[in-house]
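[1] Can you look at this prediction? I've put the sequence above it.
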Amino acid sequence: MTNSFPVLTVLTFWPVLAALLLALCRTERQTRVWTLVASLAEIALAYPLLFFKKDATGFQFLEKMDWVPEWGLGYAMGVDGISIFMVWLSIFTLPACVLCSWTYIGKRVKEFHVCLLLMTMACVGVFSALDLVLFYFFWEALLIPMYLMIAVWGGDEKRYASVKFFIYTLAGSTLLLVAIVALRIQAGTFSIPELMGADFPFRFQYWVFLAFFIAFAIKVPMFPFHTWLPAAHVQAPSAGSVILAAVLLKMGTYGFLRFSLPMTPAASEHFAPLMIAISIASIIYGGLVALGQSDIKKLIAYSSVAHMGFVTLGIFLFSVQGVQGAIFQMLNHGIITGALFMMIGAVYERSHSRDIAFNQGLGKYLPQFMFFWGLFGFASFGFPGTNGFVGEFLVLAAAFRFKTLVGILCVPGALLAAAYILKVTLRMAWGEPPTPEGKGWKDLKKKEWAYLVVPAVLVIYLGLAPGGFLGYITPTIDQTLKSFETRKAMASPSPRVNPSASYSPAHEVLGKPGDQPQPSELPGAGLTPELQQGTYPGAPAPAAPDSGAAVPAPDGANPGEPGGESPTSDGEGTNG
């Protein structure tokens, strides 16, 4: 489906234009109001996405044009069932971040909102790009504004947290760039759809998968690449934590779905046991560490490691049910954890502490607050009737179907989630505030209601009626897994492309779409590596350079037959 209105381009670059127009704002209030208006306009501009055809399996709202033809670069945008909801999540996160920062941010207000708008641009671009270079541009574009958000508006240890975030993320991005260059050299194109349908030898897939794995595992983050996340969450302002939890972490799991499974299917299956083991370790480790936290924000940060472990587990079970649960959990985690981080920022503005001991008695003095906290908290550990239950149930069911032991190992993670959420919720609800000022705290304000009502409705709606969401993502999942099953067996342990061959531009390597020869049509197809290389027993010895001596024909071959041709020193063949 190609849309005449470039909706994805508009959604991607409208925040950039809005950021430039912030220069006209003279007061902090004007800055906040304009950014809020721009964020609501972004939602309005996304109206064409409502016409996404849920029964279609390919990319929709396609936008294509040449960017740098000499280098094989193109500008290509599009969404499918995997990415459409990630775009919506990115768009709706922006106004929530503006509202939860209304009074939280008191310095460099204009620069802060510029960072918010630029991060929205990068998030929408990552989930919409269909060209590897364009994808990498948006992937890296998120790094600088997020670094600044932590380093400038963060807490007491903001310098440590921002540098750690930058180093980890940059290291992963470097390996991602290596994989992109390798794919370009091997396949001759940067087009993501073309690469998703390309067949690569197993050895090539092996190394590309490892590069993808480290880049995406850092972003998720998976154990043991997770250590940057708690520090970044704790030190970042509320809006920064919301974007981290709601959108940025999803880029890693999106990368596994968009790149690892389609482009390296054989290697993905080869490394699946390792990925499953690391996912289970993330689930249990994240839950255990979260259970021991007294800082509310750090507790929710470690819970993200556990929740995202369920996502990666579902992906590498390679079943429709597992991938359904993984994508459902990606959306659920963005809604639930994003809302929890906004609520932590709201209570911090009252108590000026994130310690559980300094935020007690809220059930008596802030009942509205505790209602929303209880709803999101119960959804976080998968209480029936909430969206968290649906995604977690699908992954657990797929895990038990895959192997009973895998399902059993995931159960402690689900129990730990209930334990740490109930622990913090009960302590916050009961007791008395440690200071007399706590009894005078005001309950939720209008702007806090505004950014909590929407995720609350989604928690209940997706928990009670998940069929609509599953109807959008299932056709794409079916197509992805069918392609995965078909192509994983096609990888050969010996490379099909000579790695020492000279470089050719994309149009020379691939030709026009549909012109590429099938593997069965290539010279030597169907022959064993020994036959292709002439190393079978009894094969003729190669002629010595400039010797002028002909190579004798193999036993049983007559001169004049293909096996009896004798090459001469000048490279021409003579018969008998």
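    In hand now; what should we look at? Numbering: from 1, shown residues only.
[2] Show me what counts as buried in the helix or strand harbouring Ile283.
    According to DSSP states H and E, Ile283 maps onto helix 265-291. Buried residues in helix 265-291, defined by neighbour count with 16 or more other C-beta atoms under 10 Å: 265-271, 275-276, 278-291. (C-beta placed from N, C-alpha, C; glycine too.)
[3] Ok, stretch 346-365 next?
    346-348, 350-351, 354, 356, 358-363, 365.
[4] ok now the helix or strand where Phe341 lies, how far from the chain's centre?
    Assigned by DSSP H and E, Phe341 belongs to helix 320-351. Helix 320-351 has its C-alpha centroid displaced from the chain centroid by 15 Å (C-alpha atoms, centre = their mean, to the nearest Å).
[5] just stretch 110-130 next, same as before
    15 Å.
[6] what stretches of this protein score poorly on pLDDT?
    Within the chain, the segments meeting pLDDT under 70 span 1-3, 438, 491-576.
[7] Which strand runs longest in it?
    strand 60-68 (DSSP state E).
[8] between the helix or strand following it and strand 60-68, how big is the angle?
    Following strand 60-68 in sequence order, the next helix or strand is strand 73-79 (DSSP H and E). Computed by axes from the mean of the first three to the mean of the last three C-alpha atoms, to 10 degrees, the angle separating strand 73-79 from strand 60-68 equals 170 degrees.
[9] Just the CA atoms of strand 73-79, as CSV, please.
    The C-alpha trace of strand 73-79 is given here as CSV (Å, rounded to 0.1, in the frame of the first residue of the first chain):
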residue,chain,number,x,y,z
LEU,A,73,21.1,4.8,-0.7
GLY,A,74,17.4,5.4,-0.7
TYR,A,75,14.8,7.1,1.4
ALA,A,76,12.2,4.4,2.3
MET,A,77,9.6,4.5,5.0
GLY,A,78,6.8,2.0,5.8
VAL,A,79,5.1,0.1,8.6
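[10] neighbouring contacts of that strand?
    6, 8-9, 12, 49, 52, 59-67, 87, 127-131, 133-134, 190-192 (C-beta atoms under 8 Å, 6 or more residues apart in numbering).
[11] Tell me the buried residues within those residues.
    Neighbour-count burial (16+ other C-beta under 10 Å) applied to the contacts of strand 73-79 gives 6, 8-9, 12, 49, 52, 59-63, 87, 127-131, 133-134, 190-192.
[12] Cross-check the contact I'm expecting between Phe209 and Thr264.
    Yes: using C-beta atoms under 8 Å, Phe209 is in contact with Thr264, at 4.2 Å.
[13] what about the two, which has more around it?
    Neighbour totals were compared for Phe209 and Thr264, and Thr264 leads with 29 against 24 (other C-beta atoms under 10 Å).
[14] Quickly note the distance from Ser90 to Val289.
    For Ser90, the distance to Val289 (C-beta to C-beta, to the nearest Å) stands at 28 Å.
[15] do the same with Ile421
    Taking C-beta to C-beta, one finds Ile421 at 14 Å from Val289.
[16] Could you do Ser162 as well?
    Note on Ser162: its distance to Val289, by C-beta to C-beta, is 22 Å.
[17] Also Phe52?
    39 Å.
[18] do the same with Ala456
    28 Å.
[19] Could you do Trp153 as well?
    With C-beta to C-beta as the criterion, Trp153 and Val289 are 26 Å apart.
[20] for Val395, phi and psi?
    As for Val395, its main-chain torsions (degrees, to the nearest 10) stand at phi -70, psi -40.
[21] oh, I was asking about Asp295
    Taking degrees, to the nearest 10 as the convention, Asp295 sits at phi -90, psi 120.
[22] got the contact list for the closest residue to Pro466 other than its chain neighbours?
    Take Pro466 and drop its neighbours on the chain: the residue closest to it by C-beta to C-beta, 6 or more residues apart in numbering is Val390, 4.5 Å away. When contacts are counted by C-beta under 8 Å, 6+ apart, Val390 touches Gly325, Phe328, Asn332, Leu462, Gly463, Pro466.
[23] same thing with Cys123?
    Contacts of Cys123 by C-beta under 8 Å, 6+ apart are Ser90, Thr93, Phe138, Leu142, Ile243, Val247, Leu248, Met251.
[24] Does the last one touch Pro221 like I think?
    No: in this structure, Met251 sits apart from Pro221 without contact. The criterion is C-beta under 8 Å, and the distance is 11.0 Å.
[25] Pick out whichever of those two has more residues nearby.
    More crowded of Met251 and Pro221, by other C-beta under 10 Å: Pro221, with 25 against 22.
[26] Need the three-state assignment for the more buried one.
    coil (DSSP: H, G, I helix; E, B strand; the rest coil).
[27] can you give me phi and psi for it?
    Taking degrees, to the nearest 10, you get phi -100, psi 150 for the backbone angles of Pro221.
[28] For the host helix or strand of Thr486, which residues meet the burial criterion?
    Using DSSP H and E, Thr486 maps to helix 467-487. Buried residues in helix 467-487, counted by 16+ other C-beta under 10 Å: 469-470, 472-477, 479-481, 484, 487.
[29] Give me the helices and strands touching that helix, please.
    Where contact means 3 or more C-beta pairs under 8 Å, 6 or more residues apart in numbering; DSSP states H and E, helix 467-487 is packed against helix 84-100, helix 261-263, helix 265-291, helix 320-351.
[30] Export only the CA atoms of it, formatted as PDB.
    What follows is helix 467-487, C-alpha atoms only, in PDB (Å, rounded to 0.1, in the frame of the first residue of the first chain):
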ATOM      1  CA  GLY A 467      -8.500  -9.700  20.000                       C
ATOM      2  CA  GLY A 468      -8.500  -6.400  18.100                       C
ATOM      3  CA  PHE A 469      -4.700  -5.900  18.800                       C
ATOM      4  CA  LEU A 470      -3.900  -9.500  17.900                       C
ATOM      5  CA  GLY A 471      -5.800  -9.200  14.700                       C
ATOM      6  CA  TYR A 472      -3.400  -6.500  13.500                       C
ATOM      7  CA  ILE A 473      -0.200  -8.200  14.400                       C
ATOM      8  CA  THR A 474      -0.900 -11.900  13.600                       C
ATOM      9  CA  PRO A 475      -0.800 -11.700   9.700                       C
ATOM     10  CA  THR A 476       2.700 -10.100   9.900                       C
ATOM     11  CA  ILE A 477       3.800 -12.700  12.500                       C
ATOM     12  CA  ASP A 478       2.600 -15.500  10.300                       C
ATOM     13  CA  GLN A 479       4.400 -14.300   7.300                       C
ATOM     14  CA  THR A 480       7.600 -13.600   9.300                       C
ATOM     15  CA  LEU A 481       7.700 -17.100  10.800                       C
ATOM     16  CA  LYS A 482       6.800 -18.900   7.600                       C
ATOM     17  CA  SER A 483       9.700 -17.100   5.800                       C
ATOM     18  CA  PHE A 484      11.900 -17.900   8.800                       C
ATOM     19  CA  GLU A 485      11.100 -21.700   8.600                       C
ATOM     20  CA  THR A 486      11.600 -21.800   4.900                       C
ATOM     21  CA  ARG A 487      14.800 -19.900   4.700                       C
END
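[31] That helix relative to helix 320-351, how many degrees between them?
    130 degrees.
[32] start at 24 instead
    In the new numbering, first residue 24, that becomes helix 490-510.
[33] And the helices in the stretch 124-273 of the chain, which stretches?
    For the stretch 124-273 of the chain, the helices defined by DSSP state H, counting those that start in this stretch cover 132-151, 155-164, 166-176, 181-210, 215-219, 225-242, 251-258, 261-266, 272-278.
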